[in-house]
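Asker: My questions concern the predicted model and sequence given below.
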Amino acid sequence: MRRRGDARRPSGARWPVTWRGFRRDLLLLPVTAAETAAMYPVAGPTETTLYAVTVAALFLRRRFPVPVLVTALPVTFGGHLLIAPMVAMYQVSRSMERRWTVYGWSLAFFLTSLGPWWPSIPGAWQSRDDALLFGVLSSALMTVGPTAMGQLSRARRQLADHIQELSRAHRREAELIAERAVVAERARLAREMHDVVSYQVSLMTVQAGALERTAEEPSARETASVIRGLGATALSELRGLLGVLRTAPGDAALRPRLGALPDLVKGSGLDARLEADLPALDALKWPAEVEEAAYRTVQEALTNVRKHAEGAAVTVSVDVLREAGRTFLAVEVANTAAPSGTGSRPSTLPSGGHGLTGLRERAEQLGGEFTAGPVDGGFRVRTVLPASG
């Protein structure tokens, strides 16, 4: 478990002093004082000052581990203090990121701690060879102990950091899985509602409109008009509901593709034919935005024909254009004039998009061109879209 003040601290960073660490530092004062009093009942002013500086420097060891260790080396060489230098060595081992740097300072600490055991040094405790061997072993323990404990503490801290990072990653992964499951379920519901309910209601509305025009009884025409109006309202509300369900508009699975054009033309209820080499078009791997724009162009144009020129012949053509080294997708929907006697009164059947203005804006956003206007007594809608922006 990570201690307070350790949260999100990169490995090797200097550690700020916390209240818990400050209390630990306060414990060093009586311990080092007792050590000094036990080993050297009488100390001169110079030695006393050196001890005080070494002990005081321990309060800064978390921020400046190496300078504090350097400060403690003189008392280590003289054999005056043991605990303070070992604490400084522990902090260096715990804080430094590069192991070879730690090992280098450990070697320096080991060689320095051998000072009192060399016979040639004035004031050495012993002068016999066995004493020197004992000194080497003691210095090795003084060095290996703090270094190993520091490395162990550092590894434990890094492990705690990795565990917390892994825990956060697992929580995030679980959230993403749950979100994807929700999006997938909403998309499935939207597809089912669109494929089943919307299709059936659209047919009902179209049939009601036809009955309204052909029925001889006024009551039948009135009833058909009511049914058509209710169906149109239901379609509008259904499209709004589908928009709410499709919370991930960028999901390619929800975007109509060029392969859906045959079903769109066939299900329009119009005298329409499709002129397109769909396998060749699919082989070009158009961006999803381009395929959706092409589909919406055909959808909106067919809806307008059904509203304003029912009974007219419609030709839907999709071609590939290449100009100046660029590839374009050209979509054109052209209808002839409505047969005489069928009329052209407006219908309340809602369109599949936002009208011709919406088609123009969509084409311009993709870097394409949109034109619409009367041609030879009929009407033509044409969109040219680049394969890439």
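Answerer: Yep, it's here. Numbers count the residues shown, from 1 in each chain.
Asker: going forward, measure contacts and count neighbours with C-alpha atoms only.
Answerer: Noted.
Asker: and Asn335, backbone torsions?
Answerer: Main-chain torsions, Asn335, degrees, to the nearest 10: phi -130, psi 150.
Asker: List the beta-bridge partners for the residue nearest to it when sequence neighbours are not counted.
Answerer: Among residues not flanking Asn335 along the chain, Val314 sits closest, at 4.3 Å (C-alpha to C-alpha, 6 or more residues apart in numbering). Val314 has the following beta-bridge partners by DSSP bridges: Ala272, Asn335.
Asker: can I assume Val314 is in contact with Glu332?
Answerer: No - the criterion here is C-alpha atoms under 8 Å, and Val314 misses it with Glu332 at 10.3 Å.
Asker: Do a quick rundown of the strands in the stretch 251-389 of the chain.
Answerer: 271-275, 313-323, 326-335, 369-375, 378-386 (DSSP state E, counting those that start in this stretch).
Asker: For the lengthiest helix in the chain, name the packing helices and strands.
Answerer: If you go by DSSP state H, the chain has its longest helix at helix 129-192. With contacts defined as 3 or more C-alpha pairs under 8 Å, 6 or more residues apart in numbering; DSSP states H and E, helix 129-192 has these neighbours: helix 83-95, helix 99-113, helix 218-245.
Asker: got those helices as TSV, with mean neighbour count and mean pLDDT columns?
Answerer: Shown next, in TSV, are those (neighbours: other C-alpha atoms under 10 Å; pLDDT from 0 to 100):
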stretch	mean neighbour count	mean pLDDT
helix 83-95	26	81
helix 99-113	17	79
helix 218-245	17	76
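Asker: how near is the residue lying closest to Thr371 once chain neighbours are set aside to Ala334?
Answerer: Leaving aside its sequence neighbours, Thr371 sits nearest to Arg382 (C-alpha to C-alpha, 6+ apart; 5.3 Å). From Arg382 across to Ala334, the span is 8 Å (C-alpha to C-alpha, to the nearest Å).
Asker: re earlier: toward the C-terminus, what is the element adjacent to the longest helix of the chain?
Answerer: Proceeding N to C from helix 129-192, the next assigned helix or strand is helix 199-214, under DSSP states H and E.
Asker: Contacts for that following helix, please.
Answerer: 220-225, 227-229, 231-232, 234-235, 349 (C-alpha atoms under 8 Å, 6 or more residues apart in numbering).
Asker: avg pLDDT for that helix?
Answerer: Per-region confidence: helix 199-214 scores 78 on mean pLDDT.
Asker: Sort out which residues of it are buried, please.
Answerer: By neighbour count on 16 or more other C-alpha atoms under 10 Å, the buried set for helix 199-214 is Val201, Ser202, Met204, Thr205, Val206, Ala208, Gly209, Ala210, Leu211, Glu212.
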